[in-house]
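**Q** Next comes the sequence, and after it the predicted model I'd like to discuss.
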Amino acid sequence: MSPGDLGRPMVMLEAGINSPAEVIGPDGGRRALIAIRSSPWKAGHETNPWHDEFDLDHGHVRYFGDHKPGTVGLPGATKGNRLLLEAARLHAGTSRDERLLAPPLLLFRSVTVHREGRAIVKGHVEFCGAAIIERLEHVVQRDPETGRSFPNLALDLAVVSGGEVDGIDLRWIDDRRDPQLTAEQALRDAPESWARWVKQGRVAVPGVRRRVLASAVRSSKDQQPIPGSPEAAVLRQVYDFYDGRKHAFELLASRVAAEVLRESGARYKEGWLSRSSGDGGVDFIGRIDMGSLAASTPVVVLGQAKCITPTSSISPEQVARVVARLRRGWIGVYVTTGSFSRQAQVEIIDDQYPVVLISGGTLATAVRQMAQANYGGDLDALLESTLDGYGTAVTHRRPEEVLSM
């Protein structure tokens, strides 16, 4: 229901910092929310001589208060900054009771909407999520129009995750505005991430911060074949075959990497396997030729293979061994019968490492296709060929030598 339907005044976004009146509940006073509106397209303008920064992919916003060059007094003289100072004290609270009263900062920003290359709406208001105040500091800013310096507040905000679309249930806000409910009762429809922060405090912030990039992270279940499927049987057979002779799995991994990369349209050339001792996190070498046949450049591919039980996972430290060996312009490939832990995936995505992760499900699909295409569907024949070919595939050469093949 809208605030009007509940008989409560609506919170307008007319100013940069907005809040309804304080509610006096059974356990004391609280503000239901503070609504922040930023207009990045006005940055540098007389009415907005500062520049807010929205990095929503990593759940971080740098927001400046509403003190202006002509404002008399210290930060806190304006209504908006007073609200932020009041909220910051509660957000920094060391007790759960204090954090229960802390008002969520609901973030909005004005954006320009384009259609067919033309700006059709300027100042369209977009909701960006609920945020926690991580840090508040006093800063001195400079008005670009007059060159005049003035004091202000600067806040680092952690945008919390709020479900699949990072929205919030507005019943949470309605409850916070209901004077008949305690702050504890008003928490019932809060995002899980907010409730976790209320319970744990500052230590919970890294775990509740919104990370859009993490939406590409797959669960262990999603990285494995569907139980009972032909691919699940293939994966089990692969693991059983190499149990006790896992060194030979490196040749299969090299072939799987070639299959997967070629399927994406890349022109991939297999190189060789490195020696089992002292490989430094590299099991096989390959090359991708980027560009057209008439104009291309070769790129070194470093591969790591790990035959583990399909229910096991690869840790960030294991993936880091490949990353550490990459030079500028090189690509890494990690092939496993298991899956990649959530943190391993997050670090690859978040740090933008050029590493292709091939888990058990993808491996099983590729192996099945290879067996059907080259061995008449005989998986045993495909696996036996890796034992026969392993000895001749291993050599002691520097990875960059693949560029001259």
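**A** Noted; the coordinates are in hand. Just so it is clear, the structure is predicted and the values come from calculations on it, not from any experiment. Numbers count the residues shown, from 1 in each chain.

**Q** going forward, measure contacts between C-alpha atoms and count neighbours the same way
**A** OK.

**Q** all helices of the stretch 251-400 of the chain, in order?
**A** Ranges of helices in the stretch 251-400 of the chain, per DSSP state H, counting those that start in this stretch, are 316-325, 342-350, 360-374, 379-393.

**Q** counting contacts, what elements does the first one pack onto?
**A** Counting contacts by 3 or more C-alpha pairs under 8 Å, 6 or more residues apart in numbering; DSSP states H and E, helix 316-325 is packed against strand 296-306, strand 331-336, helix 342-350.

**Q** which residues touch the closest residue to residue 365 other than its chain neighbours?
**A** Among residues not flanking residue 365 along the chain, residue 231 sits closest, at 6.0 Å (C-alpha to C-alpha, 6 or more residues apart in numbering). If you count contacts by C-alpha atoms under 8 Å, 6 or more residues apart in numbering, residue 231 has them with 225, 361, 364-365, 368.

**Q** Check these for burial and list the buried ones.
**A** 225, 361, 364-365, 368 (16 or more other C-alpha atoms under 10 Å).

**Q** Now the residues you listed in JSON lines, please, with extra columns for pLDDT and distance to residue 179.
**A** Converted to JSON lines, those look like this (pLDDT from 0 to 100; distance: C-alpha to C-alpha, whole Å):
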{"residue": "225", "pLDDT": "95", "distance to residue 179": "52"}
{"residue": "361", "pLDDT": "96", "distance to residue 179": "53"}
{"residue": "364", "pLDDT": "96", "distance to residue 179": "58"}
{"residue": "365", "pLDDT": "95", "distance to residue 179": "58"}
{"residue": "368", "pLDDT": "95", "distance to residue 179": "63"}
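
**Q** From the residues you listed, pick the one nearest residue 27.
**A** For the buried ones among the contacts of residue 231, the closest approach to residue 27 (C-alpha to C-alpha) belongs to residue 225, at 52.4 Å.

**Q** From residue 304, how far out is the residue nearest to residue 365?
**A** According to C-alpha to C-alpha, to the nearest Å, residue 231 and residue 304 sit 22 Å apart.

**Q** do residue 275 as well
**A** 12 Å.

**Q** can you pull the contacts of residue 309?
**A** So residue 309 contacts 239, 337-338 (C-alpha under 8 Å, 6+ apart).

**Q** returning to what we had before: which two among the buried ones among the contacts of residue 231 are spaced furthest apart?
**A** Within these, two members stand farthest from each other by C-alpha to C-alpha: 225 and 368, at 12.0 Å.

**Q** and residue 308, what does it touch?
**A** 239, 336-338.

**Q** Please apply the same query to residue 37.
**A** Counting by C-alpha under 8 Å, 6+ apart, the residues that residue 37 touches are 13, 15-17, 107-110.

**Q** And the average pLDDT for stretch 382-398 is what?
**A** For stretch 382-398, mean pLDDT is 92.

**Q** and which of the contacts of residue 37 is nearest to residue 348?
**A** Once C-alpha to C-alpha is applied, the member of these that ends up nearest residue 348 is residue 107, at 28.6 Å.

**Q** Mind pulling up the pLDDT for the closest one?
**A** So residue 107 comes in at 94 (pLDDT).

**Q** For it, name its beta-bridge partners.
**A** Residue 107 has the following beta-bridge partners by DSSP bridges: residue 36, residue 129.

**Q** before we move on, what about the one 5 residues further on?
**A** For residue 112, the beta-bridge assignment (DSSP bridges) gives partners residue 122.

**Q** Would you mark the buried spots in the helix or strand containing residue 97?
**A** In this assignment (DSSP states H and E), residue 97 forms part of helix 96-101. Neighbour counts over helix 96-101 (16+ other C-alpha under 10 Å) mark 99-101 as buried.

**Q** One more: stretch 74-83?
**A** Result for stretch 74-83 [16+ other C-alpha under 10 Å]: buried residues 75-76, 78, 80-83.

**Q** Now the two most distant members of the residues you listed.
**A** So, the buried residues of stretch 74-83 by C-alpha to C-alpha: farthest apart are 75 and 83, at 11.1 Å.

**Q** of the contacts of residue 231, closest to residue 346?
**A** Lowest distance from residue 346 to these (C-alpha to C-alpha) belongs to residue 361, with 19.0 Å.

**Q** That closest one touches residue 224, doesn't it?
**A** Yes. The pair residue 361 / residue 224 is scored as a contact, 4.1 Å apart, by C-alpha atoms under 8 Å.

**Q** sorry, back to before: adding distance to residue 61, write the contacts of residue 231 out as TSV.
**A** Formatted as TSV, the contacts of residue 231 follow (distance: C-alpha to C-alpha, whole Å):
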residue	distance to residue 61
225	39
361	38
364	42
365	42
368	47
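
**Q** and which of the residues you listed is nearest residue 67?
**A** Nearest to residue 67 among these, counting by C-alpha to C-alpha, is residue 361 at 55.7 Å.

**Q** Let me see the contact set for that closest one.
**A** Listed by C-alpha under 8 Å, 6+ apart, the contact set of residue 361 reads 222-225, 231-232, 235, 337.

**Q** what do you get if the cut-off is 7 Å, keeping everything else the same?
**A** Contact analysis of residue 361 by C-alpha atoms under 7 Å, 6 or more residues apart in numbering lists 223-225.
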